[in-house]
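Asks: Just a sequence and a predicted model for now, questions to come.
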Amino acid sequence: MYFYEGYHLWGMHMLWWIIWAVVLIWIFATPWSIPGERNKTDSPLDILQKRYAGGSISKEEYEAKKVVLIKDRKL
């Protein structure tokens, strides 16, 4: 009759623990963007375009601030 004495931990069972650890690390450590998380930050020009599209600034303000941002980017 076979009795389990814990010797399987170092055999195939240990291999499965390693596989599960690798899979979990791979899932949680990937740099891929997940919807709603880890989003890239918007550039100042993107923010300015969103404000103009939303109507919070006028066309004249948009053009003036855009010129300033483009000048700063070239420096």
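Replies: Yep, it's here.
Asks: Low-confidence ranges, this protein, go.
Replies: Counting by pLDDT under 70, the chain shows low-confidence ranges at 1-12, 32-40, 74-75.
Asks: For it, just list every one of the strands.
Replies: Remark: no strands are assigned in the chain by DSSP state E.
Asks: got the buried residues for the longest helix seen in it?
Replies: Determined from DSSP state H, the single longest helix within the chain is helix 12-29. Within helix 12-29, no residue counts as buried by 16 or more other CB atoms under 10 Å. For the C-beta atoms, the positions are set from N, CA and C on the backbone; glycine is no exception.
Asks: Same check on stretch 53-69?
Replies: Tyr62, Lys65.
Asks: CA atoms only for the longest helix of the chain - export them in PDB, please.
Replies: Output in PDB follows, covering the C-alpha atoms of helix 12-29 (Å, rounded to 0.1, in the frame of the first residue of the first chain):
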ATOM      1  CA  MET A  12       6.400  17.100 -10.400                       C
ATOM      2  CA  HIS A  13       4.600  19.200  -7.800                       C
ATOM      3  CA  MET A  14       7.600  21.500  -7.500                       C
ATOM      4  CA  LEU A  15       7.600  22.000 -11.300                       C
ATOM      5  CA  TRP A  16       3.900  23.000 -11.200                       C
ATOM      6  CA  TRP A  17       4.600  25.500  -8.400                       C
ATOM      7  CA  ILE A  18       7.400  27.000 -10.600                       C
ATOM      8  CA  ILE A  19       5.100  27.100 -13.600                       C
ATOM      9  CA  TRP A  20       2.300  28.900 -11.700                       C
ATOM     10  CA  ALA A  21       4.800  31.400 -10.200                       C
ATOM     11  CA  VAL A  22       6.200  32.200 -13.700                       C
ATOM     12  CA  VAL A  23       2.700  32.700 -15.100                       C
ATOM     13  CA  LEU A  24       1.600  35.000 -12.200                       C
ATOM     14  CA  ILE A  25       4.700  37.100 -12.500                       C
ATOM     15  CA  TRP A  26       4.300  37.300 -16.200                       C
ATOM     16  CA  ILE A  27       0.600  38.400 -15.800                       C
ATOM     17  CA  PHE A  28       1.300  41.100 -13.200                       C
ATOM     18  CA  ALA A  29       4.700  42.400 -14.400                       C
END
